[in-house]
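[1] A predicted structure for the sequence below; I have some questions about it.
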Amino acid sequence: MVEPQPFVNDRDLAGSGQRRAVVIGGSLAGLLAARVLADHADSVTIVERDRFPQGPRSRAGVPQDRHTHVMLESGQQALETLLPGICAEMSEEGSPRVGLPNDLVAWQSGRWNRRTAATSHILTGTRPLTEWVVRRRVLADARIKVLEHTEVMGLLGNAARVRGVRIRERGPDAARRDGVALDAELVVDASGRASHAPDWLAALGAEPPRQETLETGLAYATRLYRRQPGAPEFPYGGIHFLPNPGQQRTGLLLPAEDGLWTVLLAGLRGSEPPTDEAGFEDFAGLLPHPVLRDWLRTAEPASPVHGFRNTANIRRRYDLPGRRPAGFLATGEALCSFNPTYGQGMSVAALSALALRDALNGQGGTPTTLRVQRALSGAARQAWEIATGADRKMPGARGSATRSTLLDRPADWYLGRVQRRSCGDPRVGAAFRKVLALSAPTTSLFAPAIARAVLFGPEPPAPAEPPARLE
Ligand SMILES: Cc1cc2nc3c(=O)[nH]c(=O)nc-3n(C[C@H](O)[C@H](O)[C@H](O)COP(=O)(O)OP(=O)(O)OC[C@H]3O[C@@H](n4cnc5c(N)ncnc54)[C@H](O)[C@@H]3O)c2cc1C
């Protein structure tokens, strides 16, 4: 009989002969990690604090799910690889597919993007819909078990090796219960940006990861709408005002499922959007053009205004060497959470699951925990660099990741030129969007044809008003 290989092959790992995996958190990163681990494990158990709703509904453990969420093209492709046909399922459930730049008319750096043919698409169904479609597919796999309404309270094992988690069922007398052991050879933390894993590791005598942060005080306010019957024709598939250091407000109007539209307003510290009805509309009037405020006047609210302020970029450096146990990994927002303006977190969760798959399948024998962790951290790197690179320049940015290096200055100068040219030069625009969609590396912006246009070409004219028609 062939001996089962351990998941990870650290020298201090005394193999138990079993491969049981536990995933902490059953949101997108946890579901997708479980999907990958099912191909490698004897058992996979997701431990989730919430009870999952029957259908596409909000839940307490994902408080951000009332806010606008977009799935970038890289995320769609990664999801398709992991769960073939999933994007078609999302479309069947009503998630709109919005073309860039033709459908979503965008204001950026003081000008409107030209409305040329789409070179990239985003999925814009609500966050509960996206999670529900993914959850339905992942949990249909009989190899994956879920413990709902159950929370992880800590890790089992020692500083050399994790041996499972301590769990307790939630409920009125939960506080009085110490919890029970759930043994595992691999524990994956996918518990989101508020992860307690650094404390749990410290309790085992291990080194918590160094934490990098960058926050701009960004606050979100989101509301759902429906168009009023007989409302005037609206020539845009969506409207987007992107912030910059001189214009610190965001406005985003996008279609969602079932005839709903989401309106997101956001602002940096000192420009936070109000969450009362009148203030919400007034804030839309402060954007650089009245098109979004005017649209609000033709629409009926379909939800209250929801606020959200927990938007810092946080990166936990589990990829750096340290006295940390074998058999413990972090993924998703528990590893790296982003300022949500850039719409990256769900895509990074999917790209991370692919990185986990590749690391576990990799050549050269069973990988070490650190090697797998580095693959997960690598999957988040470009998104982190985009988010912190832009946020660092915002007034009032705070945190350890605000420090820039000598190389950042010329890179910022070049990217500023890319951004300004991307509105009026379709080729530069397409290359820029691919990078922002995490479908191409940032270095692709230095390809000769793009560099020529960026460095030597004149700044091409861009529309002064939101273009009503496709070119
Ligand atoms: C306002 C806002 C807007 C966003 N917009 C976008 C967007 O447009 N596009 C995009 O791609 N991303 C966006 N994101 C990010 C996106 O929401 C996340 O990246 C995505 O949900 C995946 O995160 P996750 O699975 O790592 O963690 P989360 O979704 O935060 O889920 C963590 C899960 O862990 C569970 N959990 C926590 N602690 C425990 C415990 N101790 N025991 C058991 N279970 C536990 C929670 O109940 C929850 O289910 C946005 C985020 C915010 C805050």
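    Good, I have the coordinates. Residues are numbered from 1 along each chain as shown.
[2] dump the residue contacts of the residue of the stretch 1-150 of the chain found nearest the ligand.
    Closest to the ligand within the stretch 1-150 of the chain is residue 61: 2.1 Å, counting by C-beta to the nearest ligand atom. For every residue, glycine as well, the C-beta is placed using N, CA and C. When contacts are counted by C-beta atoms under 8 Å, 6 or more residues apart in numbering, residue 61 is found next to 25, 27, 48-50, 192.
[3] Of those residues, which is the nearest to residue 105?
    Distance to residue 105, by C-beta to C-beta, is smallest for residue 27 among the contacts of residue 61, at 31.4 Å.
[4] That closest one: how many residues sit nearby?
    The local packing of residue 27 (other C-beta atoms under 10 Å) involves 27 other residues.
[5] Is residue 226 in a helix, a strand, or coil?
    Under DSSP: H, G, I helix; E, B strand; the rest coil, the three-state class of residue 226 is strand.
[6] ok so, going back, can you tell me which of the contacts of residue 61 are buried?
    By neighbour count, with 16 or more other C-beta atoms under 10 Å, the contacts of residue 61 hold 25, 27, 48-50, 192 as buried.
[7] mind putting those residues in CSV, pLDDT, distance to residue 225 and secondary structure included?
    Listed next are the buried ones among the contacts of residue 61 as CSV, based on pLDDT from 0 to 100; distance: C-beta to C-beta, whole Å; DSSP: H, G, I helix; E, B strand; the rest coil:
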residue, pLDDT, distance to residue 225, secondary structure
25, 98, 31, coil
27, 98, 26, coil
48, 98, 31, coil
49, 97, 31, coil
50, 98, 27, coil
192, 98, 28, coil
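[8] Which ones, among the contacts of residue 61, also lie beside the ligand?
    Checked against the ligand using C-beta under 6 Å from any ligand atom, the contacts of residue 61 yield the following neighbours: 25, 27, 48-50, 192.
[9] List the residues that contact the residue positioned nearest the centre of the chain.
    For the chain, the residue nearest the mean C-alpha position is residue 345 (0.6 Å; C-alpha atoms, centre = their mean). By C-beta under 8 Å, 6+ apart, the residues touching residue 345 are 332-333, 337-338.
[10] Can you pull the residues of the stretch 201-350 of the chain lying near the ligand?
    Contact residues (C-beta under 6 Å from any ligand atom) of the stretch 201-350 of the chain with the ligand: 220, 308, 332-334, 340, 343-347, 349.
[11] Neighbour-wise, give me the winner out of the residues you listed.
    residue 332 (31 neighbours).
[12] Now do the phi/psi pair for that residue.
    phi 60, psi -150 (degrees, to the nearest 10).
[13] And the pLDDT at the residue nearest to it when sequence neighbours are not counted?
    The shortest distance from residue 332 to any non-neighbouring residue, by C-beta to C-beta, 6 or more residues apart in numbering, is to residue 29 (2.4 Å). pLDDT for residue 29: 98.
[14] now swap in residue 5 and tell me
    As predicted, residue 5 sits at a pLDDT of 60.
[15] do the same with residue 293
    Value for residue 293, per-residue pLDDT: 96.
[16] Use 2 as the first number for this chain going forward.
    Sure, I'll start numbering at 2, so the last one becomes residue 294.
[17] Can you give me the neighbour number for it?
    When neighbours are counted by other C-beta under 10 Å, residue 294 registers 16.
[18] tell me which element it is part of?
    Using DSSP states H and E, residue 294 maps to helix 292-297.
[19] Which residues are in contact with the nearest residue to residue 268 once chain neighbours are set aside?
    In space, and not counting its chain neighbours, residue 268 is closest to residue 250: 4.8 Å by C-beta to C-beta, 6+ apart. By C-beta under 8 Å, 6+ apart, the contact list for residue 250 reads 242, 244, 266-268, 272, 274, 284, 287-288.
[20] Show the average pLDDT along stretch 328-340.
    The average pLDDT for stretch 328-340 rounds to 97.
[21] buried sites along that stretch?
    For stretch 328-340, burial by neighbour count (16+ other C-beta under 10 Å) applies to 328-340.
[22] which two in these are spaced the farthest apart?
    Greatest spatial distance among those (C-beta to C-beta): 328 and 340, at 31.5 Å.
[23] the helices in the stretch 152-301 of the chain, which residues?
    Applying DSSP state H, counting those that start in this stretch to the stretch 152-301 of the chain gives helices spanning 198-204, 278-285, 292-297.
[24] tell me the mean pLDDT over the second one?
    In this case it means helix 278-285. Helix 278-285 shows a mean pLDDT of 95 in the predicted model.
[25] For it, name the packing helices and strands.
    Other elements packing on helix 278-285 under the criterion 3 or more C-beta pairs under 8 Å, 6 or more residues apart in numbering; DSSP states H and E are strand 220-228, strand 261-268, helix 292-297.
[26] can you do 10 Å?
    Packing partners of helix 278-285 (3 or more C-beta pairs under 10 Å, 6 or more residues apart in numbering; DSSP states H and E): strand 220-228, strand 250-256, strand 261-268, helix 292-297, strand 300-302.
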